[in-house]
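Q: next comes the sequence, and after it the predicted model I'd like to discuss.
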Amino acid sequence: MGGFDMESLVDATAGAIGSLASTTILYPLDTCKTKYQAELRTPNLRKYRNLSDVLWEAISKRQVLSLFQGLGTKNLQSFISSFIYFYGYSFFRKMYIERSGYKSIGTKANLLIAAFAGACTVAITQPLDTAASRMQTSDFGKSKGLWKTLSEETWGEAFDGLGISILLTLNPAIQYTAFDQLKQRLLEGQLGNPQSLSALTAFLLGAASKCAATCLTYPAIRCKVMIQAAESDEDTHEESEVKARKTVSGALNAIWKKEGFLGFFKGLRAQILKTVLSSALLLMIKEKITKSTWVLFLGIRRFLFLSKSRLKSA
C-alpha cells in the first residue's frame, strides 16, 4: 500500500462503497427513468406519457424483476468509476494544495481538477455505461448479459456517447465543487472544527449541489441516453436514421423535429429525483464511513508492517 496515497485511497474506497449502495437502492427508478428518456415519439404516439407508465408496464407484464435488468453491469461501472473518480479527485486536489502553498482550493481550480478526474473515469468505464443503458432500455424480460451485449457490437459502438460523456464531466465537477465549497464553509463556521458533516447535513448539501448540476447539464444527459439506446428503440427506423441518432447533432435534431424545445427537458423531473437521491445517499454514506475506512486501512497497513518485520527477523 506504500505506492498509494493513503488519504486518496480512503476517499476513493468510501466513495465507491457509497456509490454501490445508492445505485442498488435506486436502480428500479433508474431503469424507469432511462426507458422514459430513451423514447422518442411525437406527443400523440407516446408509449410513456410519464414515469409511472414504465412501472405499470413492468407490473402488467409480470416483469417487475426486470426493473433490475443490467444491475450487475451498472454496479460494476458505478463502483469502478466512483473509485477512479474519487481517488483522482482527492489525489490531484491534495497535490495542488501542497504545490501551490494555499490552505484551501479555489472554485476554478476545483472545477478543473474535478473535470479532469471525471474525463479519465469516463474514458475507462464508457463500455460498461453503454452496455448498462442498452440493458435498461431493452424490452422487459429480454435484456442480454454484459458479455453478449458487448460482443455483438463493434469496439467503436461500445464507446457510443463518449464525446458527450466527457462533456458531462461538468456535471460531477459542478456538483462536487459546490458540495466541497459549502462543506468547507459549514465546517469552518462550527465550533471545535469537526472533521465531518452530520448525515442529514451531508444529504441536504448533496441534494442541493446535484440538483443545480443536473438542471445545467440536462439536455446533454438526454442526448447521451438516446445515443446509447439508439438501437434499442422499439420503433422501426431506417438504418441511416439510427446512425444519425448515434451522433450528438443527430440526437439534437431528432429531439427538435419530433418533440420541440421542451423535448430537450423531457424526463428532467425524473432525472432530478433519481440523481439527487442517488448523489445525496452517496455523499451521506461516504461521509459516515470515511472514518471507519481510515481505521480499516490503518489496521491493514499495521498488519502488513508487522508481518514484514517478522519475516525479516525470522
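A: Received, thanks. Keep in mind the model is a prediction, meaning the values are calculated, not measured.
Q: so which other helices or strands are in contact with the one helix or strand residue 79 maps to?
A: Secondary structure assigned from DSSP states H and E places residue 79 in helix 71-100. Using 3 or more CB pairs under 8 Å, 6 or more residues apart in numbering; DSSP states H and E as the contact criterion, the elements in contact with helix 71-100 are helix 6-25, helix 27-38, helix 107-137, helix 146-151. C-beta here means a position set from N, CA and C on the backbone, and glycine is covered the same way.
Q: so which of the ones you listed is nearest residue 265?
A: Minimum separation from residue 265 across the helices and strands packed on helix 71-100 (CB to CB) falls at helix 27-38, 10.6 Å.
Q: pLDDT on the closest one, on average?
A: What helix 27-38 shows for mean pLDDT is 89.
Q: could you give the angle of whatever helix or strand comes next after that helix to helix 27-38?
A: Toward the C-terminal end, the helix or strand that comes next after helix 27-38 (DSSP H and E) is helix 51-60. Compare the direction of helix 51-60 with that of helix 27-38 by axes from the mean of the first three to the mean of the last three CA atoms, to 10 degrees and you get 120 degrees.
Q: render the CA-only coordinates of helix 51-60 in CSV, please.
A: This file holds the C-alpha atoms of helix 51-60, laid out as CSV (Å, rounded to 0.1, in the frame of the first residue of the first chain):
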residue,chain,number,x,y,z
LEU,A,51,-42.5,7.9,-15.5
SER,A,52,-45.2,5.8,-13.8
ASP,A,53,-46.2,4.3,-17.1
VAL,A,54,-42.9,2.4,-17.3
LEU,A,55,-43.5,1.0,-13.9
TRP,A,56,-47.1,-0.1,-14.8
GLU,A,57,-45.8,-1.7,-17.9
ALA,A,58,-43.5,-3.9,-15.9
ILE,A,59,-46.3,-4.8,-13.5
SER,A,60,-48.8,-5.6,-16.2
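Q: offset the numbering so it begins at 7, please.
A: Renumbered: residue one is now 7, and that last one reads helix 57-66.
Q: buried ones in that helix?
A: Across helix 57-66, burial judged by 16 or more other CB atoms under 10 Å covers 57, 60-61, 63-64.
Q: got it, and stretch 118-131?
A: 118-121, 123-128, 131.
Q: so what touches stretch 143-150?
A: Stretch 143-150 is contacted from outside by 40-41, 44, 63-64, 67, 69, 72-73, 75-76, 140-142, 158, 231, 235, 238-240, using CB atoms under 8 Å, 6 or more residues apart in numbering.
Q: residues contacting residue 233?
A: Per CB under 8 Å, 6+ apart, neighbours of residue 233: 166-167, 170, 251-254, 257.
Q: where does the stretch 57-206 of the chain dip in pLDDT?
A: 195-202 (pLDDT under 70).
Q: count the neighbours of residue 228 for me.
A: Neighbourhood size, residue 228 [other CB atoms under 10 Å]: 24.
Q: secondary structure class for it?
A: Of the three states, residue 228 takes helix under DSSP: H, G, I helix; E, B strand; the rest coil.
Q: what about the spatially closest residue to it that is not a sequence neighbour, neighbour count?
A: Nearest non-adjacent residue to residue 228, counting by CB to CB, 6 or more residues apart in numbering: residue 43, 5.4 Å away. A count of neighbours around residue 43, defined by other CB under 10 Å, yields 26.
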